[in-house]
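1. I'll drop the sequence and a predicted model, then ask my questions.
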Amino acid sequence: MNSLDLNDLPFLKEESLRVYRWLLVQFPELDTLETNESFQFPLRWMTEQKGQRFEWVVSDMGSVTLRLGGLEGNRRNPAPIFYLSLRKLDGDVFHWTDPEGNPVPFPDPSILIDIQNRIQLYLDSVS
């Protein structure tokens, strides 16, 4: 794994915007009062899945987090339900990876199954 340098920051921001736009289509924002057209990071929005509110957070450094929304999400730093980050590999190649460092195809429709499985796992754990 290579370390990031200043030249990587524009790419990280563009990739973060790209996945934000993709996620927003897949997981529409609830109660849209204003759009985030200025793209001030971190980009945050609430969505609902299976009757539960969740919050998406996308950083300009290439990380994506799905965590609890609503009253449960008001706790300080609620645990992530789903998390990915961009990792720089040899040859200045970037890959989205899970917390264990495994490459993940993202944004890709196949990741939606994993996200839904994580949401269901959380819902099953609180029932």
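-> Received it, and whenever you're ready, just let me know what you need. Worth saying up front: this structure is predicted, and the values here are computed from it rather than measured.
2. hmm, which helix or strand of the chain has the shakiest average pLDDT?
-> Lowest mean confidence among the helices and strands of the chain (mean pLDDT, DSSP states H and E): helix 70-73, at a mean of 61.
3. remind me which residues of the chain are low pLDDT?
-> The model of the chain has pLDDT under 70 over residues 1, 31-38, 70-75.
4. returning to that earlier point: which is the succeeding secondary structure element to the least confident helix or strand of the chain?
-> strand 80-89 (DSSP states H and E).
5. buried ones in that next one?
-> By 16 or more other CB atoms under 10 Å, the buried positions in strand 80-89 come out as 80-88. Backbone N, C-alpha and C define where each C-beta goes, glycine included.
6. Repeat that for stretch 87-101.
-> Using 16+ other CB under 10 Å as the test for burial, stretch 87-101 gives 87-88, 94-97.
7. Go ahead and name everything in contact with it.
-> Applying CB atoms under 8 Å, 6 or more residues apart in numbering, the external contacts of stretch 87-101 come out as 1-4, 8, 11, 15, 62, 83-86, 103-106.
8. which helix is the longest one in this structure?
-> Secondary structure of the chain read by DSSP state H shows that its longest helix is helix 9-26.
9. Output the contacting helices and strands for that helix.
-> strand 43-49, strand 52-59, strand 63-68 (3 or more CB pairs under 8 Å, 6 or more residues apart in numbering; DSSP states H and E).
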